[in-house]
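Asker: Model the structure of this input:
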Amino acid sequence: MKLHKHLFVLLFYLVVIFFIGCEKQAQQNQNIVAEIGDNSRISFTDLQKFAINYFYNKRCPDKSKAYNKALDEMVTNQLKRIDFFERGLYNNKELIQSISRIISEELIVSYFNTQFLGKYTSDEYIRKTYENMGKEVVYRQIVLYKPKDASPEQIDLVRTRATEIKTKIDEGKDFGELVHQYSQHAESVNEDGYMPPITWKISISNPLYNVLFNLNVGDVRILESYQAYYIVNITGINKIDVEPFDKIKDDIVSDLEKGCMELSLKEYDDAKKELIDESSLEWNQKALNKLVEWSKVHDFYKDNYKDILQRAISNGKNFTILKHSKGEVDLKEYLRLLDNILIPKSSVNISIDDIKNYILEAVRTDIMVKKAKELNLEKDLFNPNTTSSVMKNRIVWLYNQAVIESQIPEGSDIALQEFYKTNKDSSYYQLAKVNMNALIFSEKEKADKLWSKIEQGVPFNEVSDRWFVKTFVRDRDGKIKSYLSKEEPFLGEAAFRLKESEVDGVVEYSDPEKGKQYAIIKCSNKRLEKQLTYNDVKNSIADDFKNYHRQQIKQEVSKNLRKKHKVIIYENVLSKEIASASM
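Answerer: Residues are numbered from 1 along each chain as shown. Alright, predicted model coming up:
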């Protein structure tokens with residue numbers, strides 16, 4: 001069973017934190033292309049990122065149209081977020097319940113950012129860091145590598161050797177002589193043990209460097225890493241010039257976020273583990289067995305857990321699963337943790353230990369979520385101008401469910417029949433269509449050679465493993481067009497002449513860009529032109545009905561939102577930025 005570990009969730013979400021400091025400052029200096037309401041702005045950098053992330057460059061080859069469509073969607077989404085809170089939809093408990101686990105995940109991220117990583121980016125810490133940046137530390141080292149796949153006994157021998165070397169240094173033995181006698185690091189041996197000086201920026205990239213950076217001249221220490229023991233000696237501390245604080249403050253924040261991420265994650269993980277005293281755990285073995293039995297039900301944690309657990313609770317079987325130092329978990333609490341906090345990703349080959357690990361992780365995460373709420377972090381996260389990309393998308397999704405999906409009329413038989421009659425001549429008139437595979441050559445000799453093989457009985461699919469797939473439609477006026485493509489229908493007439501599975505060649509045509517081309521073609525599928533009856537479309541018309549009304553309601557909602565709220569598009573700025581931008 002794979003558990004939804006929040007440490008990994010943090011690693012995923014918090015990659016973006018590395019660049020927040022720089023981005024905030026950058027956005028202040030970027031051109032604003034739109035203002036929505038009184039407090040919302042969209043910079044061109046925001047727009048460009050959105051357009052790329054949502055593939056507007058693929059959906060719309062024209063750059064100007066792509067950016068304008070992307071901006072229209074960004075504006076509409078922000079208007080929906082504003083309207084979501086103005087309508088008071090955040091008070092709809094049933095609606096919010098559908099994203100409760102996502103809110104918990106985002107609260108954990110926010111809690112980590114403010115209470116762990118945040119302490120390394122506070123104004124006081126940044127100022128203290130700046131004061132410490134005006135130096136570089138010069139040092140020498142002796143390196144003793146641990147053997148590969150070393151046993152504890154072998155590591156003890158290396159540690160003992162390091163201690164003996166340090167003792168010799170403390171007794172006055174020349175460090176340089178000991179470097180050449182013992183060190184296994186060839187590069188530093190060639191420099192009598194000297195390594196490049198450690199600056200502040202280097203010091204935050206590695207815990208060993210951080211220790212070195214904070215030692216004093218003359219200090220001798222034994223430091224250990226996963227790979228080796230290091231006997232180090234600080235030989236000097238040099239002053240270096242540092243740019244003014246205001247000029248590099250944002251860079252310091254960015255560097256601290258990167259450099260302190262690993263340490264912050266460890267501190268967070270340690271703090272979370274300390275929330276529950278594992279020596280106090282009392283597990284109910286029968287309850288665990290029952291949970292394992294239920295968990296093996298197909299799609300238990302996807303679709304079935306609510307009904308099964310709720311039925312047991314309603315039947316008076318709310319058994320206790322775990323007692324711990326902060327309380328207990330019964331079946332009702334187990335259901336709440338699944339609904340609101342986190343959920344196992346899979347129940348394949350689930351075991352009792354998997355269940356135990358999940359419950360402990362969920363209980364600890366729940367406590368962290370409560371701590372985040374006590375700090376009022378939910379208010380910062382759940383608002384119209386949230387900076388969380390996850391919450392931005394989810395608020396729009398909730399709005400669509402409450403305002404758009406709820407207005408879609410019921411597709412009764414009468415309504416569907418009427419919908420069919422209205423759209424019979426447009427949506428439900430089937431144009432003639434042909435799908436084909438084509439081998440295309442610029443040299444007639446190559447095409448003739450393969451066509452000769454086909455005439456001798458070699459199947460089309462075996463004469464080559466590379467062919468083009470093309471589809472053509474013929475409209476009511478008899479004009480042939482490439483389907484879902486802007487390419488000229490060079491082979492359209494030839495394709496329509498074929499019967500299904502029939503092969504033809506060599507077909508010659510002229511491409512304005514490539515010149516004369518020679519093709520061998522095979523009809524893979526052919527669809528006749530006809531008027532579809534209601535029975536022909538009865539399996540898909542309900543979805544067509546919903547999609548039609550969804551589109552109509554979306555357009556009306558968007559129109560009304562723009563009437564209700566002020567939207568300013570700075571067309572001159574937008575045009576200028578688009579002209580110089582790439583997609």
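
Asker: Where does Gly218 sit: helix, strand or coil?
Answerer: Three-state secondary structure (criterion: DSSP: H, G, I helix; E, B strand; the rest coil) places Gly218 in coil.

Asker: Please name the residues that touch it.
Answerer: When contacts are counted by C-beta atoms under 8 Å, 6 or more residues apart in numbering, Gly218 is found next to Asn233, Ile234. Placement of C-beta: from N, CA and C, glycine included.

Asker: swap in Ile99?
Answerer: By C-beta under 8 Å, 6+ apart, the contact set of Ile99 is Arg394, Trp397, Leu398.

Asker: Kindly recompute the last result at 6 Å.
Answerer: When contacts are counted by C-beta atoms under 6 Å, 6 or more residues apart in numbering, Ile99 is found next to Arg394.

Asker: how far away is it from Ile126?
Answerer: Distance of Ile99 to Ile126, given as C-beta to C-beta, to the nearest Å: 35 Å.

Asker: hey, what's Val220 bridged with?
Answerer: Beta bridges link Val220 to Asn233 when assigned by DSSP bridges.

Asker: Quick check, it in contact with Ile234.
Answerer: No. With contact defined as C-beta atoms under 6 Å, Val220 and Ile234 do not form a contacting pair (8.0 Å).

Asker: In terms of neighbours, single out the busier of those two.
Answerer: The residue with more neighbours, out of Val220 and Ile234, is Ile234; 20 against 15, by other C-beta atoms under 10 Å.

Asker: ok, that one touching Val217?
Answerer: Yes. The criterion here is C-beta under 6 Å, and Ile234 meets it with Val217 at 5.4 Å.

Asker: Name the helix or strand for Ala438, please.
Answerer: For Ala438, the host element (DSSP states H and E) is strand 432-441.

Asker: who's in contact with that strand?
Answerer: Contacts made with strand 432-441 from outside it, assessed by C-beta under 6 Å, 6+ apart, are listed as 447, 464, 467-474, 495-496, 517-527, 529.

Asker: and what of stretch 32-42?
Answerer: Outside stretch 32-42, the residues that touch it by C-beta under 6 Å, 6+ apart are 43-44, 47, 74-75, 78, 82, 385, 565, 567-570, 573-574.

Asker: what's the farthest-apart pair in the residues you listed?
Answerer: For the contacts of stretch 32-42, the farthest-apart pair by C-beta to C-beta is Ile82 and Val573; their separation is 22.2 Å.

Asker: more crowded one of the two?
Answerer: For Ile82 and Val573, the more surrounded residue by other C-beta under 10 Å is Ile82, and the numbers stand at 23 against 16.

Asker: now Lys373, nearest residue through space, not along the chain?
Answerer: Nearest-residue entry for Lys373: Leu107, 6.9 Å, with adjacent residues in sequence omitted and distances by C-beta to C-beta, 6 or more residues apart in numbering.

Asker: Tally up the residues packed near the one you found, please.
Answerer: A count of nearby residues for Leu107, using other C-beta under 10 Å, gives 23.

Asker: Quick one, grab the pLDDT at it.
Answerer: Leu107 is assigned 96 on the pLDDT scale.

Asker: swap in Tyr13?
Answerer: At Tyr13, the model reports a pLDDT of 48.

Asker: if I look at Lys166, how far off is Glu224?
Answerer: Shown here: Lys166 relative to Glu224, a distance of 12 Å by C-beta to C-beta.

Asker: Give the residue from these two that has the larger number of neighbours.
Answerer: Under the criterion of other C-beta under 10 Å, the comparison of Lys166 against Glu224 puts Lys166 first, with 20 against 15.

Asker: Tell me who's in contact with that one.
Answerer: Applying C-beta under 6 Å, 6+ apart to Lys166 gives the contacts Ile222, Ile231.

Asker: at 10 Å instead, please
Answerer: Ile142, Lys173, Leu178, Val220, Arg221, Ile222, Tyr229, Ile231, Val232, Asn233 (C-beta atoms under 10 Å, 6 or more residues apart in numbering).

Asker: so which strand or helix has it?
Answerer: Assigned by DSSP H and E, Lys166 belongs to helix 152-170.

Asker: Give me the packing partners of the following helix or strand past that helix, helices and strands only.
Answerer: Sequence-wise, the next helix or strand beyond helix 152-170 is helix 175-182, with elements assigned using DSSP H and E. The contact analysis (3 or more C-beta pairs under 10 Å, 6 or more residues apart in numbering; DSSP states H and E) places helix 175-182 against strand 135-145, helix 152-170, helix 186-189, strand 228-239.

Asker: Can you add mean pLDDT and distance to Leu337 and give those back as a markdown table?
Answerer: What follows is the helices and strands packed on helix 175-182, written out as a markdown table (pLDDT from 0 to 100; distance: least, C-beta to C-beta, whole Å):
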| stretch | mean pLDDT | distance to Leu337 |
| --- | --- | --- |
| strand 135-145 | 96 | 46 |
| helix 152-170 | 95 | 39 |
| helix 186-189 | 92 | 53 |
| strand 228-239 | 96 | 44 |
